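[1] Sequence and computational prediction follow.
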Amino acid sequence: MGTTEAYTFYGTQLEELTEDELWAKKPVPVEEQVATDKQGRRRFHGAFTGGFSAGYFNTVGSEEGWTPATFRSTRAEKEAKRQQRPEDFMDDEDQEVFGIAPKVLRARQEYKKATIGGHGATSLEGLLRPVRDTVGVLLLRRMGWRPGQGVGPRQTAAEKRRRRQVAGRAEEEEEPEDDLEGVTFAPDDLTALTVAPKTNTYGMGYVGLATPFSLFEPPKPVMNAAVGGVRGQAFGVGAFEREDDDIYAADDMSRYDFFLESSNESRKRRNDEKRAEFEKKRRHGESKCLENFAEAKEKMATATFYPPPQVPKHFVPKHGVRQTRFSEQKPQVAQKLAERRGRHDLSAEQRGVLVGEVERKTESLVRKPVPVLDFEVVPAELQLGQFNPFSNNPEKLKRYQQYLTLKKMKQTDKLVCLQPPELTEWEKSRELNEFEQAAELFRPLAAQISDRFVSASTLVGSDETPTQTEQSPVEESVKAAKLKMFGKMTRDIAPWQPCALLCKRFNVPEPNSG
Amino acid sequence: MAAEIVEALSSCIRTIDCKQGAVRAVRFNADGSYCLTCGSDRKIKLWNPNKNLLLKTYPGHGKEAMDVAGSCDSAKLVSCGADKMVIIWDVATGQSLRRYRGHATVVSCVRFNEDSSVVISGSHDNSVRIWDTRSNIYDPIQILNDAKDSITSIQVTENKILTGSVDGKIREYDLRAGQLTTDTLGEATTSVTYTRDGQCVLASCADASVRLIDTTAGELLNEFRGHTTKDYCVETATGPGDSTILCGSSDGCVWIWELVTGNVLGKLTHSSLPTVVPSLSINPSANQVLTASEGCIKLWGEMSPEDILICDD
């Protein structure tokens, strides 16, 4: 009880509920918990239900009624112009919290945007100052820093100016002070980055017509999408589109003609101007060009020079011509090749000797009786001349010629009889293949041409005359008919199958099947 | 006997000017009460020749109509033309029921089969195409490609199809036996028809002859000469009673021979001018013959008693 004196009471106390009241009151269901306004009408929590409740209960201004305003203007007292404000048409409800013109405390337009000091958040910090300096500040002061300076190595005046330029601070051109050669300055302090929030609903990068632009100045360089990054003008275009002209960019008067001048005249004028400029330069001694020449704008690309390859010291060049199998070999070379026994040229015995085999004393395998083929090689085949595939193996060559003759007689299988028994089966078949291929490729000219033509004599005897036999039965019957020999000669009976549907339609059973 | 028939036939009862240009073919219908004419004006006309009435006109061919045949119940008729089409018409309404396309060139002849369920057409593209009318198939159910030259004439019986071709052969397709019998005549055949008994085949040839061939052995039984054909296709038929042979000629007459002897019995002089009579038709039920030449058709023979009363000649 005594403790209540320590409390401060704020607000209206709720009525104390009795037990009976508690039990009597049923909880109101959600649907019945409606909000009502002053007059007891249902409210939708501030939503405009439609229709202004203008005046007194949607009727007139007051209980007594609405009296129209009087208009009285005399010569002496002129009626002032009646200014009508929107507030005239509003009532108390409109001026409540949820009305259309709530009476609240708001900043006026001129004070809306302004922030204290123009720095946003940092300005607040500017107001609130610490009582004591922090340790860091104390240390910096000891090391020579003064508030307003930046932190970092000292810079010369030139460096400082350059930094300022890079930072983008537009300053007037200062005369370089040559006397300050060795003097260094403290770097500039960094300014906090301020980000201005977007307060409008325009598209990004749009500045509209509010920005002052002039037709008589060259337009500011437009950010190209190719530069990369998120820049203005819709951040660049897609891969398949061409970039359109920036329609919001300022126009430049230099794009338009001011004088009625033909292209020739304009060209001449420009050339004259260029020449005058060049002359002036030359007179000043600035350009090093000859007369009637102009300095090139772009540097010429110098041709790249590739040095020759480095030859090793002990390199001795040797030049040898690659020989084909079909070129005529020099006799010395051929002899040498013949002498040189490569491993393919060895016979089985020689190979055995080389390997170190013990000589077999067994009898050689029974060989098939080799029928001696006695025939003359056609002289035409001997004239292989240039097309001599087996020039280093005269035996093989001879066999090849014999093969060609056999081929003409269409007895190529008899080559086996010609081949010596030293050759293995595989070698024999390989030789046969080689001969076949060689015959395909290396044919003397005469043979090639003769292939395309067939003598007339061969045609007559070779083919039978099927056409004659075909015509004969037909002609026979016609002949017989002409001779009025009707009967067997003129009649021909052949099987014929009518289709199933046809038989069905004719009501005839299908022949030759059923 | 034959002479009497010829005398009876020799009177021209009616002459109808068809006004169709040149009449290519004239046909009696199945019961002989009406006739059909195909004209070079691309129309088919249905006439009652006894009463000299034009009953209906069937336009629809793109080019001149070459041949026409009536169905067994005379409710439909099929026509073919130089426009490569074979058209089935409804006789009563005049509507075209089916149009068969398939031939490569002029269709020269067309026939129904016994119960008119199948249409058989022959064309100058050397083929005979068989079309089914009962089903929905618009393609030919069978194509007979045995001829080496144009088909000029077709005749259909109960189970046989007889075709005559310019290649000088008559082909008989026997459905029951499954055989094709080819008879070489040596001369281009312009018209083929069976005799009434079906034992023989009459074929008119381009060498101005009409040959009577025996179907069993293929032997020539008789040959009828005297008329001229030049380069025209003329038709031949067996006269009523099966004792006479009729054939059109290029001298403006229809020649009549006696079948057995081969003697010329008489002529039906269609016109005095040497114009060809390309088509003729024998009435299946009466003693009448219709011949067509140039632009008109002529009805020869005897009139039935009812018609005599009604007509005003």
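    It's in. Numbering: from 1, shown residues only, chains lettered A, B, ... in the order given.
[2] Spell out which parts of the stretch 151-300 of chain B neighbour chain A.
    Within the stretch 151-300 of chain B, the positions adjacent to chain A are B:158-159, B:168, B:173-187, B:213, B:217-220 by Cβ under 8 Å from any Cβ of the partner chain. The way it works is simple: take the backbone N, C-alpha and C, and place the C-beta from them, glycine included.
[3] give the contact list for the nearest residue to B:Cys18 once chain neighbours are set aside.
    Leaving aside its sequence neighbours, B:Cys18 sits nearest to B:Thr37 (Cβ to Cβ, 6 or more residues apart in numbering or on different chains; 5.2 Å). Contacts for B:Thr37 (Cβ atoms under 8 Å, 6 or more residues apart in numbering or on different chains) come out as B:Cys18, B:Gln20, B:Val23, B:Ala25, B:Val26, B:Arg27, B:Ile44, B:Lys45, B:Trp47, B:Val68, B:Ala292, B:Ile297.
[4] pLDDT at B:Thr37, what is it?
    Here, the pLDDT recorded for B:Thr37 equals 93.
[5] what's across from it in the sheet?
    Beta-bridge pairing for B:Thr37 (DSSP bridges): B:Val26, B:Lys45.
[6] From B:Ile16, how far out is it?
    Computed with Cβ to Cβ, to the nearest Å, the distance linking B:Thr37 and B:Ile16 is 8 Å.
[7] Just give me the longest helix of the chain.
    Since no chain was named, I'll use chain A. Determined from DSSP state H, the single longest helix within chain A is helix A:263-284.
[8] think we crossed wires, I meant chain B
    Ranked by number of residues, the top helix in chain B under DSSP H is helix B:2-9.
[9] List the neighbours of that helix that are in contact with it.
    Counting by Cβ under 8 Å, 6+ apart, residues outside helix B:2-9 touching it are B:239-241, B:243-244, B:256, B:258-259, B:265-266, B:268, B:287-289, B:300-302.
[10] Any of the residues you listed buried? List them.
    In the contacts of helix B:2-9, burial by neighbour count holds for B:239-240, B:243-244, B:256, B:258-259, B:265-266, B:268, B:287-289, B:300-302, counting by 16 or more other Cβ atoms under 10 Å in any protein chain shown.
[11] A:Tyr400 belongs to a helix, doesn't it?
    Yes: with DSSP: H, G, I helix; E, B strand; the rest coil as the criterion, A:Tyr400 is part of a helix.
[12] do the strand or helix carrying B:Arg98 and chain A meet?
    Per DSSP states H and E: B:Arg98 is located in strand B:96-101. No: shown here: strand B:96-101 not in contact with chain A (Cβ under 8 Å from any Cβ), separated by at least 14.9 Å.
[13] So which bits of that strand are buried?
    Of the residues in strand B:96-101, those buried by neighbour count under the rule 16+ other Cβ under 10 Å are B:Ser96, B:Arg98, B:Tyr100.
[14] Can you name the residues of chain A that neighbour chain B?
    A:477-478, A:480-482, A:484, A:486-488, A:490-499, A:501-503, A:505-512.
[15] tally of neighbours for the closest residue to chain B within the stretch 101-250 of chain A?
    With Cβ to the nearest Cβ as the measure, A:Phe240 is the residue of the stretch 101-250 of chain A nearest to chain B, at 51.8 Å. Using other Cβ atoms under 10 Å in any protein chain shown, A:Phe240 has 5 other residues around it.
[16] same check, this time on B:Pro278
    For B:Pro278, the neighbour count with other Cβ under 10 Å is 22.
[17] The one 5 residues further on now?
    Burial of B:Asn283, expressed as a neighbour count using other Cβ under 10 Å, amounts to 21.
[18] quick one: contacts for the residue in the stretch 401-514 of chain A that chain B sits nearest to?
    Chain B sits closest to A:Pro511 of the stretch 401-514 of chain A, with a gap of 2.9 Å, by Cβ to the nearest Cβ. Neighbour list for A:Pro511: A:Gln497, A:Pro498, A:Cys503, B:Asp174, B:Leu175, B:Arg176, B:Ala177, B:Gly178, B:Gln179 [criterion: Cβ under 8 Å, 6+ apart].
[19] Bridge partners for the fourth one, pull those for me.
    Taking DSSP bridges, one obtains B:Lys160, B:Gln179 as the residues bridged to B:Asp174.
[20] What pLDDT does the model give it?
    On the pLDDT scale, B:Asp174 gets 92.
[21] same question, the first one
    pLDDT, A:Gln497: 90.
[22] can you confirm it is in a strand?
    No: going by three-state DSSP, the assignment for A:Gln497 is coil, not a strand.
[23] Count the neighbours of it for me.
    Using other Cβ under 10 Å, A:Gln497 has 16 other residues around it.
[24] for the last one, same thing?
    Here the neighbour count serves as a burial measure; for B:Gln179 (other Cβ under 10 Å) it reads 17.
[25] For chain A, what's its nearest residue on the stretch 101-250 of chain B.
    Residue nearest to chain A within the stretch 101-250 of chain B: B:Gly178 (2.9 Å; Cβ to the nearest Cβ).
[26] how close does that residue get to B:Ile143?
    B:Gly178 is 17 Å from B:Ile143, by Cβ to Cβ.
[27] what does A:Arg106 give?
    A:Arg106 sits 100 Å away from B:Ile143, taking Cβ to Cβ as the criterion.
[28] Neighbour count for those two, which is higher?
    Taking other Cβ under 10 Å, A:Arg106 and B:Ile143 do not tie; B:Ile143 has more neighbours (13 against 9).
[29] dump the residue contacts of that one.
    B:Ser127, B:Val128, B:Arg129, B:Ile130.
[30] Out of the residues you listed, which are close to chain A?
    Among the contacts of B:Ile143, proximity to chain A is found for B:Ile130 (Cβ under 8 Å from any Cβ).
[31] So which of the contacts of B:Ile143 belong to strands?
    B:Val128, B:Arg129, B:Ile130 (DSSP state E).
[32] can you count the residues close to the closest residue to the first one other than its chain neighbours?
    The shortest distance from B:Val128 to any residue other than its chain neighbours is 4.0 Å, reached at B:Leu144 (Cβ to Cβ, 6+ apart). One way to gauge burial is a neighbour count; for B:Leu144, by other Cβ under 10 Å, it gives 21.
[33] Surely B:Leu144 is in contact with B:Ser123?
    No: here B:Leu144 does not reach B:Ser123: they are 11.0 Å apart, not a contact under Cβ atoms under 8 Å.
[34] Tell me how many other residues surround B:Gln95.
    So B:Gln95, with other Cβ under 10 Å, has 11 neighbours.
[35] what's near enough to touch the residue nearest to it when sequence neighbours are not counted?
    Excluding its sequence neighbours, the residue lying closest to B:Gln95 (Cβ to Cβ, 6+ apart) is B:Trp89, at 7.0 Å. Contact partners of B:Trp89, counting by Cβ under 8 Å, 6+ apart, are B:Ile44, B:Tyr58, B:Gly60, B:Lys76, B:Leu77, B:Val78, B:Ser79, B:Gln95, B:Ser96, B:Leu97.
[36] Restricted to buried residues, select the residues you listed in ChimeraX.
    Buried residues within these, by 16+ other Cβ under 10 Å, are selected in ChimeraX with:
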select /B:44,58,60,76,77,78,79,96
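[37] what bits of chain B have low per-residue confidence?
    Low-confidence segments of chain B (pLDDT under 70): B:1-2, B:303-313.
[38] returning to that earlier point: the strand holding B:Arg98 packs against which elements?
    Under the contact definition 3 or more Cβ pairs under 8 Å, 6 or more residues apart in numbering or on different chains; DSSP states H and E, strand B:96-101 sits against strand B:85-90, strand B:128-132.
[39] Tabulate those strands (a markdown table), appending distance to A:Gly352.
    Listed next are the helices and strands packed on strand B:96-101 as a markdown table, based on distance: least, Cβ to Cβ, whole Å:
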| stretch | distance to A:Gly352 |
| --- | --- |
| strand B:85-90 | 91 |
| strand B:128-132 | 84 |
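[40] right, and these - which one's nearest B:Val119?
    strand B:128-132 (4.5 Å; Cβ to Cβ).
[41] After the closest one, which helix or strand is next?
    strand B:142-144.
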